[in-house]
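S.K.: no FASTA, just this:
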Ligand code: PLP
């Protein structure tokens, strides 16, 4: 609602601010949701563990065997994820690898309740914006992606129900249920119950329930993850969900422990195929984690230390965006209460321009559209901000610069 003359003045002011920004010779990176060095330091006690070579059952963890992982780590995760220890498999360091294993086994051998998916034009429902690696994994196997909007209380379930009810080729969906990457929302109980019970044309429909941020609270008000396994079981679809989590953003991102949790039939199915791929996971690392945390409460207590490092960075993102952009009507952003990202929506058609402007001012952002299938945001408005890795001062500087770029791109667009 600015007059053409006012808009011109605004554009000139933002150009000047941008020139000053460029003149500072910054070199900052807000691209990846990696833990910072200070967060990794919190887990350095691991480097002196384990202090024994046997687990509580007397198993020599240095040797082969134990495909499901050691009992104590399964117990800790079972308590954290509200499932039974027998429903948990503790694997290697990456939950993404476990998701990939599940997908490939479903393609080649078929899920526990269906025929192999390979050779058919199968499709997956993908809430957007979402986690880029979920989408690139599907793309690598030529699986068609059906985007549905992500909302403040989880994905648009009515849209999902419409996609799955008649088409037997819609075989599955991704969801990051807690503090989703990148929008930060947590699925409501009502929506989780609907996903558990919804009729699907595919009898072997699967929910890949990626609970990567289940314990990653940014405030004292801690979201509780929905128990999708019990909900699906109660709805008569016990084999629908497979839940994933890991300690990648709890201990070491490159050397944590990943887990899968599911119905006993799904757990048996996973083991049946996995026995051909491994003689057992890294049990030394699993025991190290058990000794480091002692129990589930130890994990929760540890996450408070992460929160103390991360919360000020998220506050800095909000402060910088508010200072420059509040009230202008050119941007909306999330104020997440957990997870690793801030979702920034700018004026339609300018996200790519914002990322380019930022780059030319020495601030690297995640490519525009990265949170959409095939990297294509139809409105070119979405930017994922990842403030965890840089130190606080860098987050402050980078975000002030990003806010300038958002305002300049909007002024350019609106003045034609
Ligand atoms: N799932 C989500 C939603 C993520 O954001 C990430 C990492 O950014 C991962 C999974 C990776 O998990 P892992 O390190 O256990 O493979």
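M.R.: Now that the structure is in, tell me what you want to look at. Since this is a predicted model, take the numbers as computed values, not measurements.
S.K.: quick check: residues of the stretch 101-250 of the chain near the ligand?
M.R.: Taking C-beta under 6 Å from any ligand atom as the measure of proximity, the stretch 101-250 of the chain contacts the ligand at 131, 176, 181, 210, 212, 246, 248. In this view, the C-beta of every residue, glycine as well, is placed from N, C-alpha and C.
S.K.: and if we set it to 8 Å?
M.R.: 131, 133-134, 176, 180-181, 210, 212-213, 244-249 (C-beta under 8 Å from any ligand atom).
S.K.: which members of the residues you listed occur in helices, if any?
M.R.: 133, 134 (DSSP state H).
S.K.: which of the residues of the stretch 101-250 of the chain next to the ligand fall within strands?
M.R.: When DSSP state E is applied, these are split such that 210, 244, 245, 246 fall in strands.
S.K.: any chance of a PyMOL selection covering the buried ones in the residues of the stretch 101-250 of the chain next to the ligand?
M.R.: To isolate the buried members of these in PyMOL, using 16 or more other C-beta atoms under 10 Å:
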select buried, resi 131+134+176+180+181+210+212+213+244+245+246+247+248+249
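S.K.: between the residues of the stretch 101-250 of the chain next to the ligand, which sits nearest residue 22?
M.R.: Among these, residue 181 lies closest to residue 22 (C-beta to C-beta), at 30.7 Å.
S.K.: which non-adjacent residue is nearest that closest one?
M.R.: Counting by C-beta to C-beta, 6 or more residues apart in numbering, residue 181 lies nearest to residue 131, which is 4.5 Å off, once chain neighbours are set aside.
S.K.: residues in contact with residue 127?
M.R.: The neighbours of residue 127, taking C-beta atoms under 8 Å, 6 or more residues apart in numbering as the test, are 147, 148, 149, 150, 154, 155, 156, 173, 174, 175, 176, 180.
S.K.: how close does it get to the ligand?
M.R.: Distance, residue 127 to the ligand, by C-beta to the nearest ligand atom, to the nearest Å: 11 Å.
S.K.: you'd agree that residue is in a helix?
M.R.: No: read with DSSP: H, G, I helix; E, B strand; the rest coil, residue 127 is strand and lies in no helix.
S.K.: quick one: it and residue 271, what's the gap?
M.R.: 29 Å (C-beta to C-beta, to the nearest Å).
S.K.: quick one: which of the residues of the stretch 101-250 of the chain next to the ligand is nearest residue 290?
M.R.: residue 247 (11.2 Å).
S.K.: that closest one contacts residue 289, doesn't it?
M.R.: Yes: at 6.4 Å, residue 247 and residue 289 qualify as touching, with contact defined as C-beta atoms under 8 Å.
S.K.: joint contacts of the two?
M.R.: Overlap of the contact sets of residue 247 and residue 289 (by C-beta under 8 Å, 6+ apart) consists of 256, 257.
S.K.: by contact count, what packs against the host helix or strand of residue 162?
M.R.: Secondary structure assigned from DSSP states H and E places residue 162 in helix 157-164. Secondary-structure packing of helix 157-164 (3 or more C-beta pairs under 8 Å, 6 or more residues apart in numbering; DSSP states H and E): strand 123-128, strand 144-151, strand 170-175, helix 189-197.
S.K.: make it 6 Å
M.R.: strand 144-151 (3 or more C-beta pairs under 6 Å, 6 or more residues apart in numbering; DSSP states H and E).
S.K.: can you give me the buried ones in the strand it packs on?
M.R.: Neighbour-count burial for strand 144-151 [16+ other C-beta under 10 Å]: 145, 146, 147, 148, 150, 151.
S.K.: and the strands in this protein?
M.R.: In the chain, the strands defined using DSSP E lie at 28-29, 88-90, 123-128, 144-151, 154-155, 170-175, 206-210, 241-246, 258-262, 331-333, 342-346, 363-364, 382-385.
S.K.: surely residue 311 touches residue 219?
M.R.: No: look at residue 311 against residue 219 with C-beta atoms under 6 Å: they stay out of range, at 7.2 Å.
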